[in-house]
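*Asks:* Here is my input; please provide its structure:
(2 chains)
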Protein chains: 2
Amino acid sequence: MKATFMYGAGDVRVETVADPVIRQPTDAIVRAVRACVCGSDLHPYHSLHASDTGRPMGHELIGVVEEIGADVRTVKPGDFVVVPFAFQDNTCVFCREGFQTSCVHGGWYGSPEVGGLQAELARVPQADGSLVVVPGLTPDTASEELLASLLTLSDVYLTGYHAAYMGEVQPGKTVTVIGDGAVGLSAVLAARQLGAERIILMGRHASRTDLGVAFGATDVVAERGADGVARVLELTNGEGSHIVLEAVGHMPAYEQAYGIVRPGGIISRVGVPQYEEAPIGFGSLFGKNARLAGGPAPVRAYLEPAIQQVLDGVIDPGRVFDRTVGIDDVPAGYAAMDAREALKVMVSF
Amino acid sequence: MKATFMYGAGDVRVETVADPVIRQPTDAIVRAVRACVCGSDLHPYHSLHASDTGRPMGHELIGVVEEIGADVRTVKPGDFVVVPFAFQDNTCVFCREGFQTSCVHGGWYGSPEVGGLQAELARVPQADGSLVVVPGLTPDTASEELLASLLTLSDVYLTGYHAAYMGEVQPGKTVTVIGDGAVGLSAVLAARQLGAERIILMGRHASRTDLGVAFGATDVVAERGADGVARVLELTNGEGSHIVLEAVGHMPAYEQAYGIVRPGGIISRVGVPQYEEAPIGFGSLFGKNARLAGGPAPVRAYLEPAIQQVLDGVIDPGRVFDRTVGIDDVPAGYAAMDAREALKVMVSF
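*Replies:* Now for the predicted structure:
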């Protein structure tokens, strides 16, 4: 099969490798229908040290079950499934508490053992706990729009949803979303779903913020840093935002977040932090009782109702895709996202 | 009147100064019945630069209203009141949202303008929003035990309560309290009030942790640092604590907190952070979706029901006091708390 590997910063290659095989009785093999490139894939694209060993890439996928291990009960060959970006047994204590990305038997794609999902075939560990069947649909009967939206449930939309959920978005609240990437725009759509009254989107790219407005943003703030903070405070009568959804992961975005969150408010982060230490003392969070939430989205926790919302046409998160490539052109997809020529790139098989 | 001032680290003096007077029509003058020394008073006791100008000290008080400004409506001379450690109008947008320590017309005691509360008389700004009358009781009819418990509602018990409340303590949860000072022990009592199933108290002073057990701690962990983290993980089946109440404020306590909080759990801080930057990235909070909450307690939000609980004998938080001094001996009270000879020192007038 063909699969995607990164050998260093900017060095993405599609190579022909052996097909994955069932290793554990709880595994399934899934044939890709659509995959995509994630904003978080750009972090190693900027910083990965060169190596002779390629890192398997990709963690977002919808596809058809090709083969199952002896212990798999909830999916069968031929099922059309969404593959969450992390795998989990969905039965352990942390899964039951709704934090499946901390599953004691779970893990991440992209290791030499598990492989990546920007590939024609994927080995999915813990298939019963991870794969969710799209009911009443096959890849052939689904429209392009439906495929795109279902693909976002593997990661990007439900990561935005996780931000909004952990931020405790509810009717009557003012929400500010930092970042006009695909996760930020997804967070806007999710905040609207959860009833936010006002959604301020901080972003500088009009083509992106336009989609944010279509998703439900009521205000757009193009300024950044201190100017951006001042503008959000101005828009909120000097009070700040009840909830800030931080969908970038760099320090300036976090600094903006604690600048605009109001006393007692919540900063919910889903941009993977590119820092470890940051201000949380009296002058940033503590003094105004601001709270901090967020982390890797437990997509599995939100998947069934989200699939139904997509099938019912309630949400159309697939609009974040603005380019589609074949597997051979995945490296060009990375380059287009890195150059901001594309918001999010889909891979069609 | 006599009042307490700090002139530098370790230099606490009681001096005779002019009585405070009504400055604003919303002020009240309160005559002290009981005040006390706070753990947070020990921070400047360790680090305040020497100065010719003394800093007015103290922010915890119960007393009797002596005089009111023209606009004060809810208290009158002779009322026996609890004075929250911050003042507020209790009507602004942040007060209405339950974060009175961020009141737009509020502030802190201990400035040259407002004065401190380790004093025979105090000017209380925003009296209507700040003072709460103890119903059906006078200082003369109240027992020593009742006076002590009412005094804790000015700060220490309700700061512990705020930790537990913001930590979302509820039945079935495992709570770990870091710190066996008066705030930590108060947090134990509050966590028990909110129904915590298991309360692990981290502290090394047997006389203090014994009171913690009396307040409801089910386990005591004397180890600190990595050993303390390992012990709490061992006690929680390797899973960690749903909620961690951090009642110290120093970095090692915060490091313990993120070491023992379980995935999706909440760290709630009420120890005033003696740091600004701290780990919050993938390896500390983000990776396991741990949340961070806490800040200065909006005592006013919790005061009426807490007064009733004290009057009804449901809680006895006044047990944290183990020494009483007169106003002239306040400096000795600081020294005793600093030397850990006393857990918390009450000032009787």
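*Asks:* Distance from the chain centre to stretch A:256-273, please.
*Replies:* From the chain centre to the centre of stretch A:256-273 is a distance of 18 Å (C-alpha atoms, centre = their mean, to the nearest Å).
*Asks:* Wondering if that stretch reaches chain B at all.
*Replies:* Yes - interface with chain B: stretch A:256-273 contributes A:262-264, A:269, A:272-273 (C-beta under 8 Å from any C-beta of the partner chain). The C-beta positions use only the backbone N, C-alpha and C, and glycine is treated the same way.
*Asks:* so who does the residue in the stretch 101-250 of chain A that chain B sits nearest to touch?
*Replies:* When you check the stretch 101-250 of chain A against chain B by C-beta to the nearest C-beta, the closest residue turns out to be A:S102, at 3.3 Å. Contacts of A:S102 were listed using C-beta atoms under 8 Å, 6 or more residues apart in numbering or on different chains, and they are A:94, A:298, B:263-264, B:288-289.
*Asks:* if you look at the residues of stretch A:256-273 next to chain B, which of them are in helices?
*Replies:* Among the residues of stretch A:256-273 next to chain B, the subset assigned to helices under DSSP state H is empty.
*Asks:* which of these tops the neighbour count?
*Replies:* Using other C-beta atoms under 10 Å in any protein chain shown as the neighbour test, the residues of stretch A:256-273 next to chain B are led by A:R269, with 28 neighbours.
*Asks:* Which pLDDT value belongs to that residue?
*Replies:* As predicted, A:R269 sits at a pLDDT of 98.
*Asks:* For it, which non-adjacent residue is spatially closest?
*Replies:* A:G294 (3.7 Å; C-beta to C-beta, 6 or more residues apart in numbering or on different chains).
*Asks:* roughly how far apart are the one you found and A:Q256?
*Replies:* Using C-beta to C-beta, to the nearest Å, one gets 15 Å for the distance from A:G294 to A:Q256.
*Asks:* got the CA coordinates for the helix-or-strand element of chain A with minimal mean pLDDT in CSV?
*Replies:* Comparing every helix and strand of chain A by mean pLDDT, DSSP states H and E singles out helix A:42-47 as the least confident one, with a mean of 94. Provided in CSV are the C-alpha atoms of helix A:42-47 (Å, rounded to 0.1, in the frame of the first residue of the first chain):
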residue,chain,number,x,y,z
LEU,A,42,2.5,21.2,10.6
HIS,A,43,4.4,21.3,13.9
PRO,A,44,6.8,18.5,12.9
TYR,A,45,6.7,19.9,9.4
HIS,A,46,8.4,22.9,10.9
SER,A,47,10.7,21.3,13.4
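*Asks:* for it, packing partners?
*Replies:* The contact analysis (3 or more C-beta pairs under 8 Å, 6 or more residues apart in numbering or on different chains; DSSP states H and E) places helix A:42-47 against helix A:330-338.
*Asks:* Residues in contact with the helix it packs on: which ones?
*Replies:* A:4, A:10, A:12-14, A:37, A:39, A:41-42, A:45-46, A:57, A:118, A:323, A:325, A:342-345, A:347.
*Asks:* Quick one: name whatever helix or strand follows it.
*Replies:* strand A:345-348 (DSSP states H and E).
*Asks:* what sits against A:V93?
*Replies:* A:104, B:239.
*Asks:* now the strands for the stretch 201-349 of chain A?
*Replies:* A:219-221, A:241-246, A:261-269, A:277-279, A:291-294, A:323-325, A:345-348 (DSSP state E, counting those that start in this stretch).
*Asks:* out of those strands, deepest packed?
*Replies:* strand A:241-246 (a mean of 30; mean count of other C-beta atoms under 10 Å in any protein chain shown).
*Asks:* any bit of it sitting next to chain B?
*Replies:* No - between strand A:241-246 and chain B, judged by C-beta under 8 Å from any C-beta, nothing touches; the nearest distance is 8.5 Å.
*Asks:* between that strand and strand A:261-269, how many degrees?
*Replies:* Strand A:241-246 runs at 30 degrees relative to strand A:261-269, counting by axes from the mean of the first three to the mean of the last three C-alpha atoms, to 10 degrees.
*Asks:* How about residues contacting strand A:241-246?
*Replies:* So strand A:241-246 is in contact with A:160, A:163-164, A:167-169, A:173-179, A:184, A:187, A:191, A:196, A:200, A:232, A:253-254, A:256-257, A:260-262, A:265-271, A:294, going by C-beta under 8 Å, 6+ apart.
*Asks:* List the neighbouring strands of it plus their orientation.
*Replies:* When pairing is defined by DSSP bridges, strand A:241-246 lines up against strand A:174-178 (parallel), strand A:261-269 (parallel).
*Asks:* Could you list the alpha-carbon positions for the shortest one in CSV?
*Replies:* Extracted C-alpha coordinates of strand A:174-178, given in CSV (Å, rounded to 0.1, in the frame of the first residue of the first chain):
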residue,chain,number,x,y,z
THR,A,174,-20.0,35.3,25.2
VAL,A,175,-17.4,33.1,23.6
THR,A,176,-14.2,34.3,21.9
VAL,A,177,-12.4,31.9,19.6
ILE,A,178,-8.7,32.5,19.0
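*Asks:* Remind me what the next helix or strand after that strand packs against, helices and strands.
*Replies:* Next helix or strand after strand A:174-178 toward the C-terminus (DSSP H and E): helix A:182-193. Helix A:182-193 is packed against helix A:156-166, strand A:174-178, strand A:198-202, helix A:206-215, strand A:241-246, with contacts defined by 3+ C-beta pairs under 8 Å, 6+ apart.
*Asks:* Dump these to a markdown table, plus distance to B:R208 and mean pLDDT.
*Replies:* What follows is the helices and strands packed on helix A:182-193, written out as a markdown table (distance: least, C-beta to C-beta, whole Å; pLDDT from 0 to 100):
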| stretch | distance to B:R208 | mean pLDDT |
| --- | --- | --- |
| helix A:156-166 | 35 | 98 |
| strand A:174-178 | 43 | 98 |
| strand A:198-202 | 47 | 98 |
| helix A:206-215 | 53 | 97 |
| strand A:241-246 | 38 | 98 |
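*Asks:* out of the ones you listed, which comes closest to B:A127?
*Replies:* strand A:241-246 (29.7 Å; C-beta to C-beta).
*Asks:* Could you check the angle the closest one makes with strand A:198-202?
*Replies:* With the same axes, to 10 degrees defining the directions, strand A:241-246 sits at 40 degrees from strand A:198-202.
*Asks:* how distant is strand A:241-246 from the center of its chain?
*Replies:* 18 Å.
*Asks:* Distance to B:G225 for the helices and strands packed on helix A:182-193 - can I get that in TSV?
*Replies:* Listed next are these as TSV, based on distance: least, C-beta to C-beta, whole Å:
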stretch	distance to B:G225
helix A:156-166	29
strand A:174-178	35
strand A:198-202	40
helix A:206-215	46
strand A:241-246	31
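*Asks:* Select, out of these, the one closest to A:A226.
*Replies:* strand A:198-202 (12.9 Å).
*Asks:* Could you report the pLDDT at the residue of the stretch 101-250 of chain A closest to chain B?
*Replies:* 98.
*Asks:* How about it, nearest residue that isn't a chain neighbour?
*Replies:* With C-beta to C-beta, 6+ apart as the criterion, A:S102 has its nearest non-adjacent residue at 3.3 Å, and that residue is B:P263.
*Asks:* Correct me if wrong: the one you found contacts B:L285.
*Replies:* No - B:P263 sits out of contact with B:L285 when judged by C-beta atoms under 8 Å, with a separation of 10.6 Å.
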